[in-house]
Each structure stands twice: as C-alpha cells, then as structure tokens.
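*Asks:* Give me coordinates for this.
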Amino acid sequence: MGYELERCQVDCLIAKANILLSEYKDTCRSELTSNQYAVLNYLFFSPEVSAAQLTAQLGISKQQLSKIFDALEDKNLLERKYGAEKDKRKVNISLTSYGISYEEERYDRITNFFNMKLQELSPGKQESVYKAIQSLLEE
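*Replies:* A predicted model of the protein is given here:
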C-alpha cells in the first residue's frame, strides 16, 4: 500500500502552493489574462491549429476566443490565417515570431523561478523534491 496524505497535510500543501504561485505571479508579466496565456501556451506546443480546435481543447467560447485573438493580434503575438477569400469560418491560428520569442522567454522565467526555489532547499531536500517531481512526471 502506498502513502496517503491527511487532510491537514493537503491543506498545508495548498497554502504553500498558493504562496509559491503568488511569488511566481509577482515575477511574471501581468499584461495578459489567464485565458490569453492559455491560448499562447497551447499554440506554443501546437504550432498551427483551428479556432474550433482551441475552443474544444481549452473550453473557451467562440465569442471569448475571438476577443482573445483580437487582443493577442494587437500585441503581435499571434496571427490568423484565413481560408479562401478570408472565409472567417475557416481560420488557423499560429504564433508570430514575436509570440514564439515571448513564450520562450516566459518559459525561461518559469524555469529560473522554480530552479531558484529549488536552490533555497538543502541538498537532501533538493534531491527529494527532484525525485518526487520525476516520479510524478513518469506516471
């Protein structure tokens, strides 16, 4: 039988995670909404998708998605590629080169933040955390 967490441990874990997330958010740019970040993140790993695919994968309505596209296009982070004669029913979305650079920089900041937090731990705790994360990722 494996280990099980008790309720008070889960509560403490959530509290610590919230503190960590708040510290992380302080290091991030805040000019984008969480849905805008979700779209950028999805496009970063799926270079060109249809608006319908994004709606299905992210659970964001077509109307919301259209507003997100407008905002991200205004920031030169993504581009829409229309089918024949600008048919708005058939549009593919992809990151611009600036959008790709933006996401790469964001992932570098995220990685640096978590590595900095890891380095604050003792070597033994670093190893334990690293092994726990590796184990979770293998599941």
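*Asks:* can you pull the pLDDT of the nearest residue to residue 121 once chain neighbours are set aside?
*Replies:* Closest residue in space to residue 121, ignoring its immediate chain neighbours: residue 129 at 6.5 Å, by Cβ to Cβ, 6 or more residues apart in numbering. Backbone N, C-alpha and C define where each C-beta goes, glycine included. As summarised for this prediction, residue 129 has a pLDDT of 86.
*Asks:* Contacts for the lowest-mean-pLDDT helix or strand in the chain, please.
*Replies:* For the chain, the helix or strand with the lowest mean confidence is helix 7-27, at a mean of 75 (criterion: mean pLDDT, DSSP states H and E). For helix 7-27, the surrounding residues in contact (Cβ atoms under 8 Å, 6 or more residues apart in numbering) are 5, 109, 110, 113, 117.
*Asks:* Show me what the helix ranked longest in the chain is packed up against.
*Replies:* Assignment by DSSP state H gives helix 97-119 as the longest helix of the chain. Packing partners of helix 97-119 (3 or more Cβ pairs under 8 Å, 6 or more residues apart in numbering; DSSP states H and E): helix 7-27, helix 34-45, helix 123-138.
*Asks:* Try it again at 7 Å.
*Replies:* helix 7-27, helix 34-45 (3 or more Cβ pairs under 7 Å, 6 or more residues apart in numbering; DSSP states H and E).
*Asks:* ok, and the closest non-adjacent residue to the residue nearest the centre of the chain?
*Replies:* Centroid-nearest residue in the chain: residue 41, 4.8 Å away (criterion: Cα atoms, centre = their mean). Spatial nearest neighbour of residue 41, excluding adjacent residues (Cβ to Cβ, 6+ apart): residue 103 at 7.2 Å.
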